[in-house]
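> compute the structure for the input listed below.
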Amino acid sequence: MNHSPRTRIVVSCTLLVIALGAGGTSCSSGGNPLTDKPYDATDQISFKGPTGDGKKADPDKPLEVTADDDRITDVTAVDATGRYVTGELSADGSRWHSTSPLAANAHYTVRVSTEDDDGAPGRKVLEFDTTTPTTKKTLGVTFGPESGTYGVGQPVTAELDKPVKDKAQRAVVERALRVDAVPAVQGAWHWVSDKELHYRPKDYWPAQATVQVHSDLDGVKVGDRLWGTKSKALKLTIGDSIVAVTDAASHSMTVYKNGEDIKELPVTTGKPGFETRNGVKVILGKQYFVRMRSATVGIAEGSSDSYDLPVYYATRLTWSGEYVHAAPWSVGSQGYANVSHGCTGMSTSNAEWFFDTVHEGDVVKVVNSGGDTMEPFGNGFGDWNLTWQNWRTGSALVAGTPDGPSSAERARLRPRSV
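Numbering: from 1, shown residues only. A predicted model of the protein is given here:
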């Protein structure tokens, strides 16, 4: 095939990671791509792996595209659901190969763009189907919390039904777990254990945001004979920004709504030996009535610190039993002294107001207490006590990942204190 000569300017790529949508761009050559009609590059392009000859391809095998004389400038491979395959292009443009696994039982379309020595563009399109493995284990994911409206501190959770310990396999899982927020935020997943991940933004969610969570794992190979399966999507609506700051030194709580100070409340926090945890906690739930007994937190019955009390307007902050609640027995100390066993106590009327104002996912931050800092994981949602830099180290796409208890393990013991 003859082409008119032209002057071309070549922009080379040493590495091209392909994950392009319809409006994506890639490295390009000279000439005039708006007026040059691409020729059929069928004779120049060959595929290794899927052949497009009507036989289904093995999704365990990578996709490879090579060019004999032409230079490959762009490759996109996408399945019928819109999932793109990532890949790498060699520096000389002679070879492209996939770097992410193909999905099983899927239909793919591969589009290859090339140029010849004169800069004339070429194009080839291939379609193929992949098979379903005959023997496999499936990996499912359950997102949390349940769909609904939550506060600006609510993390998204992902519970896997099988453990994933290998970092490369974790990366496959993590890439397939999608969180889309409007307005958009910078966020990341963090591996809490080999079966649980949490997702949070760099800062709190914007008030009134919408968060959509879904998995692209269905049909994707995670490891040897381990394939992703379908999962139920999740939609969260974020309410107003409610942040309560408890200052244990001044015995007061200030409640902010959308950045405005709306109420200051006298409180009492943990006394010496039972100091309230410092740091950020996310509200786990609310109970109008809770019976709190000292035996559940290891205090011997009959001792000077033992108690068995009916507690009202209880807003839960930790699984180990830290609440904000009504404490009419300590009204004389509220605003003046810390006399509780770790909870934040206030008058019944103030506790009712707080109970009615806050929602699951809102934030309570404790400062100037003699207690330890709230744990990031294992006792509720202490996710915000990690700096953004440390949070990102828990991503398999960034660095090593820590291990910790699963939410099922955390649920075994949930004592209460006052």
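> can we go C-alpha only for contacts and neighbour counts from here?
Noted.
> for E322, which non-adjacent residue is closest in space?
For E322, ignoring the flanking residues on the chain, the nearest one in space by C-alpha to C-alpha, 6 or more residues apart in numbering is C343 at 5.0 Å.
> OK, contacts around that neighbour?
For C343, the contacting residues are T269, G270, T276, G321, E322, Y323, V324, H325, S417, V418, by C-alpha atoms under 8 Å, 6 or more residues apart in numbering.
> now rank those residues by neighbours and give me the top one.
Highest neighbour count within these: T269, with 32 neighbours (other C-alpha atoms under 10 Å).
> would you confirm that it contacts S252?
No - the criterion here is C-alpha atoms under 8 Å, and T269 misses it with S252 at 9.2 Å.
> okay, helices next: where are they in this structure?
Residue ranges of the helices in the chain, as given by DSSP state H, are 167-176, 348-357, 388-392, 407-410.
> okay, those in CSV with mean pLDDT next?
As requested, those are arranged in CSV below (pLDDT from 0 to 100):
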stretch, mean pLDDT
helix 167-176, 96
helix 348-357, 98
helix 388-392, 97
helix 407-410, 41
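> adding mean neighbour count and distance to V112, write those helices out as TSV.
Supplementary listing: the helices of the chain in TSV, determined by neighbours: other C-alpha atoms under 10 Å; distance: least, C-alpha to C-alpha, whole Å:
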stretch	mean neighbour count	distance to V112
helix 167-176	18	24
helix 348-357	17	57
helix 388-392	16	35
helix 407-410	13	46
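> relative to K257, how far out is A184?
The gap separating A184 from K257 is 21 Å, by C-alpha to C-alpha, to the nearest Å.
> neighbours around the nearest residue to S250 once chain neighbours are set aside, how many?
Excluding its sequence neighbours, the residue lying closest to S250 (C-alpha to C-alpha, 6+ apart) is G335, at 7.0 Å. In terms of burial, G335 registers 19 neighbours under the definition other C-alpha under 10 Å.
> could you report the pLDDT at G335?
G335 is assigned a pLDDT of 97 by the prediction.
> what of V11?
V11 is assigned a pLDDT of 26 by the prediction.
> for P33, same thing?
The per-residue pLDDT of P33 was computed as 44.
> what is A158 paired to in the beta sheet?
With beta bridges defined as DSSP bridges, A158 has these partners: F143, L197.
> for it, give me its contacts.
A158 sits in contact with V141, T142, F143, G144, E196, L197, H198, where contact means C-alpha under 8 Å, 6+ apart.
> out of those, which comes closest to G219?
Within the set of these, V141 lies nearest G219; the separation is 13.1 Å, counting by C-alpha to C-alpha.
> just checking, D79 touches Y108?
Yes - contact between D79 and Y108 holds when scored by C-alpha under 8 Å: they sit 4.2 Å apart.
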